[in-house]
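Engineer: show me how the following folds:
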Amino acid sequence: MALTKNKRRTRIKNRIRKIVSGTEARPRLAVFRSNKEIYAQIVDDESGNTLVASSSRDKDIKTAKANKTEAAALVGKAIAEKALKAGVETIAFDRGGYLYHGRVKSLAEGAREGGLKF
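Structural biologist: A predicted model of the protein is given here:
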């Protein structure tokens, strides 16, 4: 019997998380994509802390009147700006089981433009 879309994504996510882990020196940029919004947070897995977070629901991004892909790029730039203020320059990218395509790719490229290195 075929897996549901969410169970398939969970399997892929677990496979990725075995490899990608955030440290204090190189935290993990975790992405969650819903049908309407996109969320990103930078996590130090050793201490279990979220260092910075950003989403398409933030006021400055929501008022931009951009389509979902453009909003994802704005989220990437916003999280890069917040991360640089917090002293984070290099990250490990965790696509969260989603394909590196469309909004997830746009968020990653926005973060790179904002100054993050991965």
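
Engineer: now the strands for the chain?
Structural biologist: Under the criterion DSSP state E, the chain contains strands at 28-33, 38-44, 49-55, 92-94.

Engineer: what about these, which gets the closest to R17?
Structural biologist: strand 92-94 (7.2 Å; Cβ to Cβ). Backbone N, C-alpha and C define where each C-beta goes, glycine included.

Engineer: before we move on, what's the pLDDT of the closest residue to A66 other than its chain neighbours?
Structural biologist: Spatial nearest neighbour of A66, excluding adjacent residues (Cβ to Cβ, 6 or more residues apart in numbering): L74 at 6.4 Å. With respect to pLDDT, L74 scores 95.

Engineer: with the one 10 residues further on instead?
Structural biologist: Per-residue pLDDT puts L84 at 95.

Engineer: what sits against the spatially closest residue to it that is not a sequence neighbour?
Structural biologist: Nearest non-adjacent residue to L84, counting by Cβ to Cβ, 6+ apart: G115, 5.5 Å away. Under the criterion of Cβ atoms under 8 Å, 6 or more residues apart in numbering, the neighbours of G115 are 80-81, 84, 89.
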